[in-house]
Each structure stands twice: as C-alpha cells, then as structure tokens.
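Visitor: here's my sequence, what's the structure:
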Amino acid sequence: MKRPIEVTEEELDAMFESPGDQLERLKAAFRQHPEAQQIFWKMPLLGTKLSWAIIGLPDRPGFQVGLLVQGEHADGKWRFDRPFRLLLDSRAGASELIDVDPAVERIARPTIFGGDYDPAERPDVVALMAEISRSSVCWARDPELVARWAIVATDCGLMPAPTDFVELRFGRDVYRGLIVDGPYDLDKGWNFDAELKLVCGDGRVVWLDAAQADSVEILFGTEIGIDG
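Guide: As a prediction, this is how the structure comes out:
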C-alpha cells in the first residue's frame, strides 16, 4: 500500500494561488528586500517598460518559483538565455535573491506580465536627489511644518529634518514627497495603512490615504520597502 503524499500548508496554498496573486506576493517581498532600492536604480524600467516575469526552477526542491528582477534585456524584452537574478519568497516571510544561469540550470517557461504603469517615470538617482532637495527646501520654508516636525521627531526619535521620501501611486496619479507627518511606530516605522502628509518637490503639501494607494514605495530614507 502506497503511503499518502504529505503536502505542507505552504505547498497547498501555492496550488490555489492565481498567477496574479503570486505576482503581487513576489513583488511585495521584493520591494521589502534590502537590495530593492539599488536594483530599481540599476533597472529603472523594471515593472514598467520592462515587464514583470515569474520563472520556475523545476530541478530545485519543491519546484521553486521566483520573480525576475535583474538581468540582460534588449528592446524592452528580457534575455532569458542569459544569467539573471530571481527573488525567491517563502510564505514564512523569508526571501532571498539568487543568481541563475540558464546555461547551467534548467528553467521553466517564464510567465510574463504587463508593466504596472506607463512610467510617469521613476526618477534616476540624479533626478531623485533633485526632487528630495526641492521637497526639503519647501518644508524648511514653512514654519508650521517645521514646528510640527520638531514635535514628531522628538516623540519618535527621528532626525531633525524629514528624510523619508516616498512615492504613492493611485492609478495614473503619482505623488512623490517627503513624509512630514502621520502615525509612526517606533518599531515598525511609518504606518502605511493610514493618512500621511507629504511635501512634494513642486511645493504641494498633501494628506494622502496610503491604505488606498496602488503602491507605496520608499525611494530614499531610513526606511526601505514597499506596501501595496
């Protein structure tokens, strides 16, 4: 009599996970990875003109699956025959970046997804620093914002000036700015399930409900990660 095949809870969940849900889970894990910001700077088209792609590794235990985040590409298309980096994520919360060489390791046929948006373009490093600088100047010129930040910074142990520069996307509407007010947890950081006040580089000061955003990404600062 054959013994029944044992299936873990993680494997059972994966069986019923749609491709879209799998993509969102992997994207969320990647954006929380410490190296995500550096990779986005090196791969500015990732997730926009350069599509998201999920690749399976059939020869690894449990048929591991990962999100393609770095590699060679041409004319907006990935070179799946060249070495690349995958973000592997487990439902237990651990994630890792691995290097894969298709010339050495067998890969499954990639699943390709369209980009998240037509870029209102993710800024490169120079443009990003300029935006942060403009936002800082706008904040520093507003006495009420400066006074309020002094209270927030004292209560939460933050820097004397705001440093966390965030991007929130609501469909095609994009907001980038310094977080200058909102609920902050000493252990978890800014609460991205609540309203946050941003000072944008064009001088706008806006309260935005981060919980309603399609994506929330810290582009620069003490926090590195994304919700949404």
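
Visitor: lowest-pLDDT helix or strand in the chain?
Guide: The least trusted helix or strand in the chain, going by mean pLDDT, DSSP states H and E, turns out to be strand 226-227, with a mean of 36.

Visitor: for this structure, which residues score under the pLDDT cut-off?
Guide: Applying pLDDT under 70 to the chain flags the ranges 1-19, 90-94, 114-124, 222-228.

Visitor: make it 90
Guide: Scanning the chain for pLDDT under 90 picks out 1-65, 74-77, 89-96, 107-132, 153-161, 163-164, 166-174, 185-193, 201-202, 210-228.

Visitor: quick one: the helices in it?
Guide: Assigned by DSSP state H, the chain shows helices spanning 9-15, 19-31, 36-42, 125-140, 143-156.

Visitor: the inter-axis angle of the last one versus helix 125-140?
Guide: Counting by axes from the mean of the first three to the mean of the last three Cα atoms, to 10 degrees, helix 143-156 points 100 degrees away from the direction of helix 125-140.

Visitor: how close does the residue most central in space within the chain sit to W207?
Guide: Central residue of the chain (Cα atoms, centre = their mean): R31, 2.8 Å from the mean position. For R31, the distance to W207 equals 23 Å [Cβ to Cβ, to the nearest Å]. Any C-beta I mention is one placed from the backbone N, CA and C, and that applies to glycine too.

Visitor: what's the answer for G221, then?
Guide: Distance of G221 to W207, given as Cβ to Cβ: 19 Å.

Visitor: what about the two, which has more around it?
Guide: G221 (18 against 10; other Cβ atoms under 10 Å).
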